[in-house]
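In: Pasting a predicted model and its sequence here:
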Amino acid sequence: MSNPKTHFRGSCACARLTYTSASPPSATTTCFCTTCRKLSGSSSQTFTHIPASALTLYDNAQALRYEGLPRDSVGAVRILRLSEFAERAVCVDCGAGVAMRYRAREGEVGVLVGSVDGEVEGLRAEKAIFVGSKPGWVEMGDFGGRCHERFPDGVEEVIMGWRGGDGGEEVEKAG
Ligand SMILES: [Zn+2]
Ligand SMILES: [Zn+2]
C-alpha cells in the first residue's frame, strides 16, 4: 500500500477520492480570488504546486486510479471550469476540492493543501495572490510574505500573451 516514493498524500472529505504525490511539496500559494473564496466557504484556498506527472488519484469506490489530473470529469473526479484560466478537481460525492491546474501551466498541478493528510515536511507558506480580493475580516498574517495583485510568477505573463499584451483589467478571479 505504501509506495516508497510517496512524499505526501491526501483525501477529500468523504475519502472516496484520495491521492499520493511522488514529488515533495513546494512552497504554498494562498489565493484570495473570488472563486477560491466561494469554493472554500472561507477567505481563500492554499495550493502547493507539483509536477502533474507526480500526482496519482484514487477512486476508492471503484478501485480505479488516475495518473495526473484527468482532462475531464471521470469516476470520483469532477472537473470544474469556473473561468478560462483554471480547472479544478473536486470529489463527485462530497464536493471537496483536491487539486487544480492553470491552463497556462499544463505540466503542473496545484494540490489543495487543506486536503493533505498529516504533517508534511517542507510545506510552508510563501506567497499570496489576488490579495486585492482578500476580505477585510482576515489579516494577511501567515499567508505568506510575497504578495501578488493577481496571478503568480509566470502565469500572469502567459495570460498577457493570450491577450496580446493586455492582461485584462476585468479579471477578478483566478479560476
Ligand atoms: Zn469525497
Ligand atoms: Zn483563486
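Out: Structure received. Ligands and ions are numbered 1, 2, ... in the order given.
In: Going by C-alpha atoms from here, please, whenever you check contacts or count neighbours.
Out: Noted.
In: My read is that residue 14 contacts residue 94, right?
Out: Yes: assessed by CA atoms under 8 Å, residue 14 is found in contact with residue 94 at 6.0 Å.
In: Check the secondary structure at residue 46 for me.
Out: strand (DSSP: H, G, I helix; E, B strand; the rest coil).
In: Give me the neighbour count for it.
Out: 22 (other CA atoms under 10 Å).
In: On the three-state scheme, the residue nearest to it when sequence neighbours are not counted is what?
Out: Computed as CA to CA, 6 or more residues apart in numbering, the closest residue to residue 46 that is not its neighbour in sequence is residue 30, at 4.1 Å. Recorded secondary structure, residue 30: strand (three-state DSSP).
In: For residue 30, which residues count as its bridge partners?
Out: Beta-bridge partners for residue 30, by DSSP bridges, are residue 46, residue 128.
In: got a pLDDT number for it?
Out: At residue 30, the model reports a pLDDT of 95.
In: can you pull the contacts of it?
Out: If you count contacts by CA atoms under 8 Å, 6 or more residues apart in numbering, residue 30 has them with 44-47, 125, 127-129, 143-144.
In: got the buried residues for the host helix or strand of residue 20?
Out: Assigned by DSSP states H and E, residue 20 belongs to strand 17-21. Using 16 or more other CA atoms under 10 Å as the test for burial, strand 17-21 gives 17-21.
In: Run through who's touching that strand.
Out: By CA under 8 Å, 6+ apart, the list of residues contacting strand 17-21 reads 6-12, 50, 54-60, 76-77, 91.
In: contacting residues around residue 93?
Out: 14, 16, 76.
In: Could you identify the most distant pair in the buried residues of strand 17-21?
Out: For the buried residues of strand 17-21, the farthest-apart pair by CA to CA is 17 and 21; their separation is 13.7 Å.
In: And the pLDDT for the residue nearest to residue 13 when sequence neighbours are not counted?
Out: Residue nearest to residue 13 in three dimensions, not counting chain neighbours: residue 96, with 6.0 Å by CA to CA, 6+ apart. For residue 96, the model assigns a pLDDT of 98.
In: what about residue 92, distance to residue 74?
Out: Applying CA to CA, to the nearest Å, the value for residue 92 to residue 74 is 9 Å.
In: who has more neighbours, those two?
Out: Shown here are residue 92 and residue 74; by other CA under 10 Å, residue 92 has more neighbours (18 against 12).
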